[in-house]
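[1] Compute the structure for the input listed below.
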Amino acid sequence: MVFGNGLQFEKPQLKGWLEDQGIAHCFASVGRPQANGQVEAYNKLISNGIKRKLERAGGLWADELVNVLWSIRTTTKSSTGETPLILVYGAEAVLPIEMYEPTLRVMLYDETANWEAMKTALDFLPEARGNATLRHEIYRLRMTRAYNRRVSKRALKLGDLVLRKMKVVGRANEDGKLTPNWEVPYRIREEVRDGTYRLEAMNGRPIPRTWNTHNLKKYYV
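    Okay, the predicted model is just below:
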C-alpha cells in the first residue's frame, strides 16, 4: 500500500504503523453500505471522462488523466452549486485555453492586486463552504424524496424471520450457477433505526454489523 507521502507498507505492517501514528482502527457499522460508494462513483466519473477523450486509443489514458481531473475540479457540481476548486482555494481557476487565447483577466493580471483579491476570497471561503453544504443537503433530500416515491417499503418488525442476500455476504458464486440468491433465515433482534436492523441466528447467536431492508427479505414459514 502506497500513501501520498511515499511511504509503502505491506498489509501486515499497516496496522502497527497506524497505531504508531495515533490512528485508531475500528469496525464501521453502516446502515446501507451501497450508499457509501463515493470512491467508486468518482472513479466512474474519471473513467467516463477518459473514454470520451480517447475513443479507441485506450493505451494513452495516462496522458489524458491530468486533463480529465482538471475538468472535474473546475466544473460546477449540481449538488453544491460550486466547483471543487473554489471550495478548496476560494477562487476560480484560469483555464488552459486562456493561456493561448488571453482573456481580460489574463491580460490585465497584476500580481499585487491578485494577491489582495485572493486574501479577500479566503476570508469568504467558510461562508461559501457553508452555503455549498446547505445546497448539498437540499439536493440530498430532493434525491431521497424522488427515490422514496418509487420504493415500496418492506414492513419488518422485531422477531420477524428474514433472508439475507448472498451477494452482500460475499457468497454469490459459492456454488456457481446453482448458488441461491438468498441465505437461510435469521431473526430480527433489534431495530437500530427505520429500515436498519440487527440480526441473530436461529440459535440466538448475534450476527455482526447492521443490515438494511435493501438486503433483506421477509421469510414466511
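[2] check contacts around residue 180.
    Listed by CB atoms under 8 Å, 6 or more residues apart in numbering, the contact partners of residue 180 are residue 166. For glycine as for every other residue, the C-beta is placed from the backbone atoms N, C-alpha and C.
[3] so it sits in a strand?
    No. Assessed with DSSP: H, G, I helix; E, B strand; the rest coil, residue 180 is coil; it does not lie in a strand.
[4] Check what pLDDT it gets.
    Here, the pLDDT recorded for residue 180 equals 81.
[5] Now it. Its backbone dihedrals?
    Backbone torsions for residue 180, taken as degrees, to the nearest 10, come to phi -70, psi 160.
[6] Tell me the spacing between it and residue 212.
    According to CB to CB, to the nearest Å, residue 180 and residue 212 sit 20 Å apart.
[7] got it, and residue 177?
    For residue 177, the distance to residue 212 - CB to CB - is 27 Å.
[8] Who has more neighbours out of those two?
    residue 212 (18 against 5; other CB atoms under 10 Å).
[9] Just to check, that one is in contact with residue 195?
    Yes. Using CB atoms under 8 Å, residue 212 is in contact with residue 195, at 6.0 Å.
[10] domain assignment for this protein?
    By the assignment in automatic domain parsing, the chain contains the domains 39-149, 161-218.
[11] how about those in a markdown table, adding distance to residue 155?
    Shown next, in a markdown table, are the domains of the chain (distance: least, CB to CB, whole Å):
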| stretch | distance to residue 155 |
| --- | --- |
| domain 39-149 | 15 |
| domain 161-218 | 8 |
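[12] Could I get the full set of helices for the chain?
    Taking DSSP state H, the helices of the chain run over residues 11-20, 38-54, 61-73, 84-89, 97-100, 104-107, 111-149.
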